[in-house]
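S.K.: following is a predicted model, sequence given first.
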Amino acid sequence: MQRKTYAVIDGNILTNNIQEIKKKYPDYTYYFGVVKNNAYHHGMKCVVDLIKGGINYLAVSSLEEALAARKYAGETPILCLEPISLELVMDAINANITLTVESLEYTKELLKLDLYDTLKIHLAVDSGMRRLGFYDAKKLEEAYQLLKESSKIEIEGIYSHFATSGVMDPYFDQQVNCFLKLTENIPLEDIPIVHLGRSLTLVNHEKLSFCNGIRLGIVMYGFSQSRKDGKSLQGKMRVLKRKWLQRKYKCSKTILENDLQVSPAMSLYTEVISVRPVHKGDVVGYTTYKVDSDGYILTLPIGYADGVDRRFKYVYVNEGYAKIVSDCMDMLLVFTENKVQIGEKVEIFGKHIPISNVTRLIGTNAYHLFNQISNRVLRIHIKDEEKEEIYY
């Protein structure tokens with residue numbers, strides 16, 4: 001390790017998370033591990049841990065991601081959630097990648113190819129997200145029939161994606177009904193895998209009877225998404241508002257709290273590279289922070305190019321919390337009243353600074369936080385007694 005800024009990824013935690021999810025929600029046959037964008041920036045090495053925990057299908061965004069995942073996936077199938085360019089279909093077949101078919105036009109062009117081996121596909125249905133998928137029942141039926149007639153294409157699955165949790169709005173139920181309407185002339189029972197849900201709908205809704213697959217995203221990486229309103233006035237007002245909206249929209253049964261025992265697998269660290277004394281009234285950094293007492297400025301080799309800026313507010317160093325007073329592209333400046341040694345380990349988030357605290361401070365969620373930690377930050381993947389340093 002050269003630049004002492006790194007994220008630690010605990011593979012044991014990831015494996016345990018999957019085992020806990022499957023224990024709590026055992027009624028699915030297919031558990032898709034969504035590992036797009038380098039496994040939510042945890043690194044594709046995590047694929048090994050997820051499969052060990054019980055993931056039996058992977059999902060990625062692009063063919064490039066699918067090929068990266070294949071290096072760790074063994075024979076576990078991989079679904080590409082975006083349609084790929086037709087000139088790359090042979091590459092998908094070679095790597096045993098399942099493709100998404102989302103329009104009649106794409107179907108017809110796909111069928112023109114001279115496929116030398118069987119290609120597995122999943123049909124994408126637009127049930128209301130307005131992003132990808134069939135939104136016309138007749139075109140979906142026509143595409144299904146055309147694909148069924150091909151001896152080189154296997155319709156392995158069909159899926160959709162929910163735009164909301166449906167806890168306080170009607171869109172979950174509307175999308176379920178829309179999916180069933182669009183597929184009413186498609187024999188769902190003849191399609192091996194039907195998957196609509198994601199992490200949020202997994203915990204907020206009962207299993208849909210016609211689905212046997214579930215796509216797991218942020219929940220795998222340690223976020224149960226259990227909602228606890230508390231007993232404060234604000235919490236009670238949220239409950240009243242939610243109940244009113246559920247009555248208004250005639251929402252189906254929703255589940256807010258769960259007891260999933262999952263934990264974040266990523267923690268982020270750096271070290272002190274410079275220590276300099278400052279006095280009350282001194283001005284520090286680009287933000288012209290004015291020091292209000294004597295102390296020390298610690299320079300850390302991590303900055304907004306790595307995904308960390310002064311909105312994080314504080315770090316944990318030398319058994320205490322220290323205020324971030326200025327940020328740069330590659331460095332942070334931190335104020336402390338107590339002198340700290342050069343080389344001292346600094347926690348950005350982890351045991352002493354929970355990710356939930358950071359997301360609240362910077363006004364985002366775990367999805368955005370993970371994906372803003374740049375790939376120039378070294379990932380140290382640990383599993384049992386093994387430790388591997390990986391730059392992605």
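M.R.: That came through, no problem. Since the model is a prediction, treat every value here as computed from it, not as a measurement.
S.K.: per-residue pLDDT, the residue lying closest to residue 75 once chain neighbours are set aside?
M.R.: Nearest residue to residue 75, sequence neighbours excluded (CB to CB, 6 or more residues apart in numbering): residue 96, at 7.7 Å. For the C-beta atoms, the positions are set from N, CA and C on the backbone; glycine is no exception. Looking at residue 96, its pLDDT is 97.
S.K.: and residue 96, how far is that from residue 160?
M.R.: Distance, residue 96 to residue 160, using CB to CB, to the nearest Å: 24 Å.
S.K.: for this protein, what spans make up the helices?
M.R.: Ranges of helices in the chain, per DSSP state H, are 11-24, 36-41, 46-53, 63-73, 89-94, 104-111, 137-148, 171-182, 199-204, 233-249, 355-362, 366-372.
S.K.: quickly, which of those helices bottoms out on average pLDDT?
M.R.: Across those, helix 233-249 gives the lowest mean pLDDT, at a mean of 90.
S.K.: now that helix: buried residues?
M.R.: Residues of helix 233-249 classed as buried: 242, 246, 249 (neighbour count, 16 or more other CB atoms under 10 Å).
S.K.: which residues does that helix contact?
M.R.: The set of residues external to helix 233-249 that reach it, using CB atoms under 8 Å, 6 or more residues apart in numbering, is 167, 168, 169, 170, 173, 229, 251, 254.
S.K.: contacting residues around the residue nearest to the fifth one when sequence neighbours are not counted?
M.R.: Which is residue 173. Of all residues not flanking residue 173 in the chain, residue 252 sits nearest, at 5.3 Å (CB to CB, 6+ apart). Neighbouring residues of residue 252 by CB under 8 Å, 6+ apart: 166, 172, 173, 205.
S.K.: give me the distance between the nearest residue to residue 378 once chain neighbours are set aside and residue 333.
M.R.: What sits nearest to residue 378 in space, not counting adjacent residues and going by CB to CB, 6+ apart, is residue 6, at 4.2 Å. Residue 6 is 20 Å from residue 333, where distance means CB to CB.
S.K.: what about the residue lying closest to residue 338 once chain neighbours are set aside, how many residues close to it?
M.R.: Of all residues not flanking residue 338 in the chain, residue 318 sits nearest, at 6.7 Å (CB to CB, 6+ apart). Number of residues near residue 318 (other CB atoms under 10 Å) recorded here: 16.
S.K.: cool, residue 365 as well?
M.R.: Number of residues near residue 365 (other CB under 10 Å) recorded here: 15.
S.K.: for residue 378, same thing?
M.R.: Residue 378: 18 neighbours (other CB under 10 Å).
S.K.: kindly report the same for the one 10 residues further on.
M.R.: When neighbours are defined as other CB under 10 Å, residue 388 has 13 of them.
S.K.: wait, it sits on residue 43?
M.R.: No: the pair residue 388 / residue 43 is not scored as a contact, 9.5 Å apart, by CB atoms under 8 Å.
S.K.: find the residues that touch each one of these two.
M.R.: Common neighbours of residue 388 and residue 43, counting by CB under 8 Å, 6+ apart, are residue 381.
S.K.: need the pLDDT of the residue lying closest to residue 211 once chain neighbours are set aside.
M.R.: Excluding the flanking residues, the one nearest residue 211 by CB to CB, 6+ apart is residue 194, at 5.0 Å. Each residue has a pLDDT score; the one for residue 194 is 98.
S.K.: no more questions from me, cheers.
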